[in-house]
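Participant: Sequence unavailable; structure follows:
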């Protein structure tokens with residue numbers, strides 16, 4: 001098991017708070033020369049305290065036989081938003097609507113005001129399957145801050 005960071009999940013990337021409308025964060029990962037294995041955790045991005053996640057989309061492809069199943073969640077609750085599977089053909093999965101929709105959306109991030117870290121990390125955890133150097137995937141997250149109008 002390894003913990004890896006996707007491009008929008010690095011410590012130096014701060015969570016964004018919009019003044020109006022939905023804020024979108026896109027995060028990608030390519031398994032360049034490495035293997036994805038069961039139990040691997042990928043930190044996707046940071047969502048600020050009091051944000052309400054309203055849109056969650058996952059995409060990717062993997063060279064592993066049978067594909068790779070990811071649990072989509074947070075670092076505290078790995079499968080909060082449910083599973084998403086990618087295979088050798090490119091997959092695009094909406095966790096907001098359709099067959100893969102999760103009952104957890106919209107989801108409000110609520111942390112104590114005295115918590116030092118005022119954001120949660122969204123995480124993708126490999127539940128089963130493997131992929132080699134050609135595996136790539138990404139996550140698109142949309143959230144609203146209090147006082148901003150949605151679509």
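Facilitator: Received the coordinates, thanks. Values in this document were obtained by computation on a predicted structure and should not be read as measured data.
Participant: In terms of pLDDT, where does residue 106 sit?
Facilitator: In this model, residue 106 is scored at 90, pLDDT.
Participant: for the one 5 residues further on, same thing?
Facilitator: If you check residue 111, the pLDDT there is 88.
Participant: Then residue 73?
Facilitator: On the pLDDT scale, residue 73 is placed at 90.
Participant: which residues does it contact?
Facilitator: Contacts of residue 73 were listed using CB atoms under 8 Å, 6 or more residues apart in numbering, and they are 79, 80, 81, 122, 123, 125. From N, CA and C alone the C-beta is placed, and that goes for glycine too.
Participant: out of those, which one sits closest to residue 45?
Facilitator: Nearest to residue 45 out of the contacts of residue 73 is residue 122 (CB to CB; 5.4 Å).
Participant: tell me the contacts of that closest one?
Facilitator: Listed by CB under 8 Å, 6+ apart, the contact set of residue 122 reads 9, 43, 44, 45, 46, 47, 72, 73, 74, 139, 141.
Participant: Top of those residues by number of neighbours, please.
Facilitator: Neighbour counts for the contacts of residue 122, by other CB atoms under 10 Å, peak at residue 44, which reaches 29 neighbours.
Participant: pLDDT averaged over the helix or strand containing that one, what's the number?
Facilitator: Using DSSP states H and E, residue 44 sits within strand 41-48. Mean pLDDT, strand 41-48: 90.
Participant: next helix or strand past it?
Facilitator: strand 52-61.
Participant: Tell me the strands beside that next one, with direction?
Facilitator: Strand 52-61 sits in its sheet next to strand 91-94 (antiparallel), strand 107-108 (antiparallel), strand 136-144 (antiparallel), going by DSSP bridges.
Participant: Can you pick out the most distant pair from the contacts of residue 122?
Facilitator: Across the contacts of residue 122, no pair lies farther apart than 46 and 72, at 15.3 Å, counting by CB to CB.
Participant: any chance of the contacts of residue 122 in TSV, plus distance to residue 57?
Facilitator: Shown next, in TSV, are the contacts of residue 122 (distance: CB to CB, whole Å):
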residue	distance to residue 57
9	16
43	18
44	12
45	13
46	18
47	15
72	10
73	15
74	17
139	7
141	8
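Participant: Closest one of those to residue 24?
Facilitator: Residue 24 has its nearest neighbour among these in residue 141, at 6.9 Å by CB to CB.
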